[in-house]
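In: Need a 3D model of the sequence below.
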Amino acid sequence: MSRWWRAGCAGCLLVVLLSGLALGGCATCFFQTTQREPELPVKRLLRKQLEAMPPGWSLGKADIWTDTDFTWASWAVAVNFRYKNERIFLREEIHIFSNPFAARIILRPSPPSVNAGKGYIPNGWAYRPSHADQFEFGCGGGDSVSQPEGCSLILRYEEYIIIFGTPIGSYMTLDDLKRVLEATDQEMSSYLETSTLRSGPRVAPTTLDELDE
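Out: Okay, here's the model as predicted:
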């Protein structure tokens, strides 16, 4: 797909979206800029998630996105967790919006997130993160009943959207994935309780070290 085509589609979608917001009197809410103090310590969140995974998983290099080709948020982090030396990856994106309203409106802020959370719910899965404002979960492949080949999900906490996509197998069972989500939910809840949202620009960091504790 060419860059001009993507830009044209994104532009048309943005016009439609903003027209709807203007008619609903919500444009001011959408464009309001806020910042949290302190900002989300992304490296700490990633470490907590890794600790909740089964043995054999490692954390890869994290990329910071600011280009609208990759995220419609103020900025985002994309990272792969890898299982041993095999070509088995859990993909995660963390999108940081300028305010909670914008995150609620644009729940799928990147090309990979378009199909996230879609599919069937495996038999026996009943978990829903108790602190998340929005949660979508779905799986595909396998027997289409209780043993999927892979699952994906979307989590929203205020102005933060988290996207997961992972294969399912002995290296990452549904119970393992639940533990990762429980760790994520606890970490995000604790962070939001101890941070403050106020007016101000949402500036993307140059490196994640700037956000570390």
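
In: mind listing the strands for the chain?
Out: 34-37, 57-65, 75-83, 89-96, 134-140, 150-157, 160-167, 196-199 (DSSP state E).

In: Pipe the ones you listed into JSON lines and attach mean pLDDT per row.
Out: Listed next are those as JSON lines, based on pLDDT from 0 to 100:
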{"stretch": "strand 34-37", "mean pLDDT": "94"}
{"stretch": "strand 57-65", "mean pLDDT": "95"}
{"stretch": "strand 75-83", "mean pLDDT": "97"}
{"stretch": "strand 89-96", "mean pLDDT": "97"}
{"stretch": "strand 134-140", "mean pLDDT": "97"}
{"stretch": "strand 150-157", "mean pLDDT": "98"}
{"stretch": "strand 160-167", "mean pLDDT": "97"}
{"stretch": "strand 196-199", "mean pLDDT": "95"}
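
In: okay, these in TSV with mean neighbour count and distance to Thr207 next?
Out: All C-beta spots, glycine's among them, are computed from the backbone N, C-alpha and C. Shown next, in TSV, are these (neighbours: other CB atoms under 10 Å; distance: least, CB to CB, whole Å):
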stretch	mean neighbour count	distance to Thr207
strand 34-37	16	18
strand 57-65	15	8
strand 75-83	20	11
strand 89-96	22	15
strand 134-140	18	29
strand 150-157	22	23
strand 160-167	23	19
strand 196-199	10	23
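
In: Lys43: which of these is closest?
Out: The closest of these to Lys43 is strand 57-65. By CB to CB, the value is 7.9 Å.

In: Identify each buried residue in stretch 196-213, please.
Out: Buried residues in stretch 196-213, counted by 16 or more other CB atoms under 10 Å: 202, 208, 211.

In: shouldn't the second one be in contact with Trp75?
Out: No. Counting by CB atoms under 8 Å, Trp75 is not a contact partner of Leu208; they are 11.1 Å apart.

In: Please enumerate the shared neighbours of these two.
Out: Listed contacts common to Leu208 and Trp75 are Ile64; contacts here mean CB atoms under 8 Å, 6 or more residues apart in numbering.

In: Spit out the contact partners of Arg156.
Out: Contacts of Arg156 (CB under 8 Å, 6+ apart): 103-104, 107, 132-135, 162.

In: Can you tell me how far it is from Lys84?
Out: Distance, Arg156 to Lys84, by CB to CB, to the nearest Å: 32 Å.

In: beta partners of Asn80?
Out: On the basis of DSSP bridges, Asn80 is bridged to Arg91.

In: okay but it is in contact with Phe89, surely?
Out: Yes. Counting by CB under 8 Å, Asn80 touches Phe89, with 4.7 Å between them.

In: Disregarding flanking residues, what is the spatial nearest neighbour of His95?
Out: Ala73 (3.9 Å; CB to CB, 6 or more residues apart in numbering).

In: Can you tell me how far that neighbour is from Leu155?
Out: Counting by CB to CB, the gap from Ala73 to Leu155 is 14 Å.

In: Name the residues contacting each of the two.
Out: Ile161.

In: The most centrally placed residue in the chain bridge partners, please.
Out: The residue lying closest to the centre of the chain (CA atoms, centre = their mean) is Ile162, at 1.5 Å. Beta-bridge partners recorded for Ile162 (DSSP bridges): Ile94, Leu155.
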